[in-house]
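S.K.: Turn this into a structure:
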Amino acid sequence: MPYYARTILVTGPPDEVEAASAAHREHLRALQAAGKLRVAGEFKNGDGFLEVLDVVDLHEAEALARESPLVEAGLGAWMIREWIELEF
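M.R.: Numbers count the residues shown, from 1 in each chain. Next up is the predicted model:
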């Protein structure tokens with residue numbers, strides 16, 4: 001399956017983002033349990049996330065991006081890019 005990198009940049013006020021970010025982390029745990037998340041991390045200053053999704057195609061990656069609680073609440077902007085892991 002192809003990999004897709006998803007970035008979510010936080011766009012909302014901090015008081016609203018805190019609860020949605022916690023829910024987003026739960027969303028990531030569910031993706032991991034379903035075998036759809038290869039790796040995930042949060043930007044150091046707390047303004048977003050970067051994840052690598054292991055999904056069937058771009059349509060599935062986009063659907064998962066829209067399911068993030070941050071995105072659903074209108075508190076985050078997302079971008080999906082196909083990602084190819086380099087082997088050294």
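S.K.: does V71 sit in a helix, a strand or a coil?
M.R.: Under DSSP: H, G, I helix; E, B strand; the rest coil, V71 falls in the helix class.
S.K.: what residues are up against the closest residue to it other than its chain neighbours?
M.R.: Distances taken as CB to CB, 6 or more residues apart in numbering place W78 nearest to V71, at 5.6 Å, with adjacent residues excluded. Yep, even glycine has a C-beta here, placed from its N, CA and C like the rest. Shown in contact with W78 (CB atoms under 8 Å, 6 or more residues apart in numbering): 6-9, 65-66, 68, 71.
S.K.: Adding pLDDT, write those out as TSV.
M.R.: Formatted as TSV, the contacts of W78 follow (pLDDT from 0 to 100):
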residue	pLDDT
R6	97
T7	97
I8	96
L9	96
A65	92
R66	94
S68	95
V71	95
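S.K.: Going by neighbour count, which of those residues are buried?
M.R.: 6-8, 65, 68, 71 (16 or more other CB atoms under 10 Å).
S.K.: Pick out whichever of these sits closest to E87.
M.R.: The nearest member of the buried ones among the contacts of W78 to E87, counting by CB to CB, is R6 at 22.1 Å.
S.K.: Can you list the strands that the helix or strand hosting that closest one pairs with?
M.R.: In this assignment (DSSP states H and E), R6 forms part of strand 3-10. Looking at strand 3-10 with DSSP bridges, its partner strands are strand 48-54 (antiparallel), strand 76-83 (antiparallel).
S.K.: can you list the ones you listed in TSV and add distance to Q32?
M.R.: TSV is the format used below for the strands paired with strand 3-10 (distance: least, CB to CB, whole Å):
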stretch	distance to Q32
strand 48-54	10
strand 76-83	17
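S.K.: Just say which of those strands is most tucked in.
M.R.: Most buried of the strands paired with strand 3-10 by mean neighbour count (mean count of other CB atoms under 10 Å) is strand 48-54; its value is a mean of 20.
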